[in-house]
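A.B. asks: here are the coordinates; sequence isn't available:
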């Protein structure tokens, strides 16, 4: 029952997002066909507007769009004349998601490790070192970190290519640059959560029972401390795999990230809609999965709609 | 939706100089074996297209990136030689009627498509009519308006049968113009006039979307297109002039970030880059691989002649005379731009030299005289105080720097405080189109090397003319110039037109564009046209 309700809410949320985006997008001044070389005769412009249904009243455009969307057709891009929105997303997502997943793995592994080590060495030098590292990771933005990585690893030491896409070597620097900030956030989350858990009575009990530190940390500590981190990695996962504007631009990655931004500058309406729908669908669906996973990890939360 | 990426994007733009991290002279190994023996040298070059080409269909492309690739994969009736002069391409021979209105082109017997089939006059007829077909929605269709019946057909007011493009047989193409056109051959070198293979395009509207169905007739053929990553073209063995082509492969990468592509050049991942990041131009200037070439365009401020205070010609002139263009190009833009004292940029070759040199400077920078003109203008209008002026520009770091310099100069030389305002590009286009500005930035680049293409910008009925300035004499001079067959008279009429423009000054020019390049010394024979990206047809790699 809970799941059915949850799925219905999911679709309602998506519909609200789509509708709002559609309305807001049309409110931005400017025209997809405007340029500094304003040369299109009125008659041709009308033809082009008709091609994208832009000559029709807004409600009609909306209905037509929703109709096409129901068949998973998000229309042609206005800027890239020969490409459809579906193919732009299909072409961009492999690179973006590969980078995102690699970054997520790096961020999770090192973030958790750092957090746990810091917590277990509370207020000792190792803790301070780990947290200093985390602070640096949070405060250096990726557009500073990325050129620094390029300068040393590619230009000075010739270890890796500067940018572009093709081999696994091309993915190393952008993955690191992308992972840095979430890594730091995860480390801090994990540390504070771990500290809290380790002060719980059941830990003391387990300790008194004579469990080894290793068992104590893995069985009781991490399992309980990881919940808040999971809440955080859901949206993080979505943000990472759908591509990020800055990293993809600096490393010339053929991903989806730049379309989130460029489509708005170009007033490429179908692409604005397409990227928004794609992003929000994945986000809403991931949040749903996370909800379910809570209940698997923590038996105290039940799969019922009671309570809220 | 991802609001923070927006903020980051803006910050990124602002801090590009910070991120530049001046990489000091980590120069790659110099080429040693350049003793003419180029056997075994892999004839491949990697260049930077900067972004995904919006369309590789000659009928639909409107931007220089797409045009760059199309220029290598296709060839028109006429093409440019190394010096930029139009010469026969696919055409073997042309005959012009006595009245200069009818052109009869004969097509080369060995002109072939990349699949080996012959290029025919029917391919040209089909393609040009496709460009003009209102259903195609080609933004460059207006370039064909010089052809009889073309404008009517494109605007849906006439039938296709009346268009003066006829393939008499497979090798003969007859083109009728409405009026004689002095630079018709120059016009034919534009990609909008390239042919496409009729049988192929007729059956497949999306033929140019990927490499499978992409058949072309130029020195290179398209072999790979990875969206947002790279385009690859390889030598077209069926090209009639392939003995002049040395390169086997051109790769266009799509690297948009200036610091990144500069570093890729430094690590040999790119062999040629253009538009260097502004913070490295100074340090690269002494590098022998550096090249700075004029670009056929002008950076300017338009005046809205129907908005006070620029309703007054003297006040417009005062503003134009009060800035120091030399200082702007030397200290602000810093990429070798030339100060602009008129509209038409240098680069149009005339009998005695250059159109710009012949015309000379048409604005005298003189703060004292400017101040006097301002006072006279204000007296004419009966103003005690000048109405508040706002200078509008589209949001971009370089525009901001230039307008701040101009603001300072106007304040110093005229004692006038002007305000600055900026808008995001598409919003800006909308605002200026609706004439909601007093003084606004704009740039204009000529697609063809003829002054008329530049001067067209301020024609009374030009949709680009946002100043509301209309001068019938100016319009008629340009119309006469276009129809004039004698080059000397043609340029004379254009000089007269420019004079009128520079007397009325519905705008003030600031500088003429240039482009900066770094080209690896392993290559020779790269040609840098005035209004396109580098042409690699004659390029050869001389060492590994």
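C.D. replies: Ah, there it is. Values in this document were obtained by computation on a predicted structure and should not be read as measured data.
A.B. asks: how about the residue of the stretch 1-150 of chain A at minimum distance from chain B: what's its closest non-neighbour residue?
C.D. replies: Going by CB to the nearest CB, chain B is nearest to residue A:30 of the stretch 1-150 of chain A, at 3.1 Å. Heads up, the C-betas are built off the backbone N, CA and C, glycines and all. Closest residue to residue A:30 apart from its sequence neighbours, by CB to CB, 6 or more residues apart in numbering or on different chains: residue B:426 at 3.1 Å.
A.B. asks: now residue B:263
C.D. replies: Using CB to CB, 6+ apart, the closest residue to residue B:263 is residue A:162 (4.7 Å).
A.B. asks: residue B:268 versus the one you found, what's the distance?
C.D. replies: Distance, residue A:162 to residue B:268, using CB to CB, to the nearest Å: 10 Å.
A.B. asks: and the two? which has more neighbours close in?
C.D. replies: residue A:162 (28 against 14; other CB atoms under 10 Å in any protein chain shown).
A.B. asks: who's in contact with the more buried one?
C.D. replies: Contacts for residue A:162 (CB atoms under 8 Å, 6 or more residues apart in numbering or on different chains) come out as A:150, A:154, A:155, B:260, B:263, B:264, B:267, B:269.
A.B. asks: three-state assignment of the last one?
C.D. replies: The one in question is residue B:269. Counting by DSSP: H, G, I helix; E, B strand; the rest coil, the backbone at residue B:269 sits in coil.
A.B. asks: how about it, phi and psi?
C.D. replies: Dihedral pair for residue B:269: phi -80, psi -20, per degrees, to the nearest 10.
A.B. asks: what count of nearby residues applies to it?
C.D. replies: 19.
A.B. asks: next one: it relative to chain A, how far apart?
C.D. replies: 6 Å (CB to the nearest CB, to the nearest Å).
A.B. asks: dump the residue contacts of that residue.
C.D. replies: A:161, A:162, A:163, A:164, B:46, B:253.
A.B. asks: save these as TSV, and put in pLDDT too.
C.D. replies: As requested, those are arranged in TSV below (pLDDT from 0 to 100):
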residue	pLDDT
A:161	94
A:162	93
A:163	90
A:164	89
B:46	97
B:253	96
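A.B. asks: from those, which single one is nearest residue B:149?
C.D. replies: residue B:253 (42.9 Å; CB to CB).
A.B. asks: these two touch, right, that closest one and residue B:270?
C.D. replies: Yes: if you go by CB atoms under 8 Å, residue B:253 and residue B:270 touch, sitting 6.5 Å apart.
A.B. asks: now the common contact residues for the two.
C.D. replies: B:46, B:47, B:48, B:261, B:264.
A.B. asks: returning to that earlier point: residue B:253 and residue B:270: which is more packed in?
C.D. replies: When neighbours are counted by other CB under 10 Å, residue B:253 and residue B:270 differ, and residue B:270 comes out ahead with 25 against 22.
A.B. asks: grab the nearest non-local neighbour of that one.
C.D. replies: residue B:264 (4.5 Å).
A.B. asks: also residue B:359?
C.D. replies: residue B:495 is the one closest to residue B:359 (CB to CB, 6+ apart), at 5.4 Å.
A.B. asks: start to end distance for stretch B:520-535?
C.D. replies: Terminal residues of stretch B:520-535 are spaced 15 Å apart (CA to CA, to the nearest Å).
A.B. asks: correction: stretch B:102-120
C.D. replies: For stretch B:102-120, the end-to-end distance is 19 Å (CA to CA).
A.B. asks: ok, residues contacting that stretch?
C.D. replies: With CB under 8 Å, 6+ apart, stretch B:102-120 has contacts from B:77, B:88, B:90-97, B:121, B:124, B:167, B:170-177, B:184, B:195, B:197-198, B:215-217, B:221, B:236, B:238-240.
A.B. asks: go ahead and confirm residue B:89 touches residue B:77.
C.D. replies: Yes: between residue B:89 and residue B:77 a contact is recorded at 6.0 Å, counting by CB under 8 Å.
A.B. asks: the more surrounded of those two?
C.D. replies: residue B:77 (27 against 24).
A.B. asks: how about the strands in chain A?
C.D. replies: Remark: no strands are assigned in chain A by DSSP state E.
A.B. asks: domain assignment for it?
C.D. replies: A:33-73, A:93-297 (automatic domain parsing).
A.B. asks: residues touching the residue of chain B positioned farthest from its centre, list them.
C.D. replies: What lies farthest from the middle of chain B is residue B:384; by CA atoms, centre = their mean that is 43.5 Å. Contacts for residue B:384 were tallied using CB under 8 Å, 6+ apart; they are residue B:378.
A.B. asks: how does it look with 6 Å?
C.D. replies: Residues near residue B:384 by CB atoms under 6 Å, 6 or more residues apart in numbering or on different chains: none.
A.B. asks: in ChimeraX, select just the buried ones from the contacts of stretch B:102-120.
C.D. replies: Selection of buried members from those for ChimeraX, criterion 16 or more other CB atoms under 10 Å in any protein chain shown:
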select /B:77,88,90,91,92,94,121,124,167,171,173,174,175,176,177,184,195,197,198,215,216,217,221,236,238,239,240
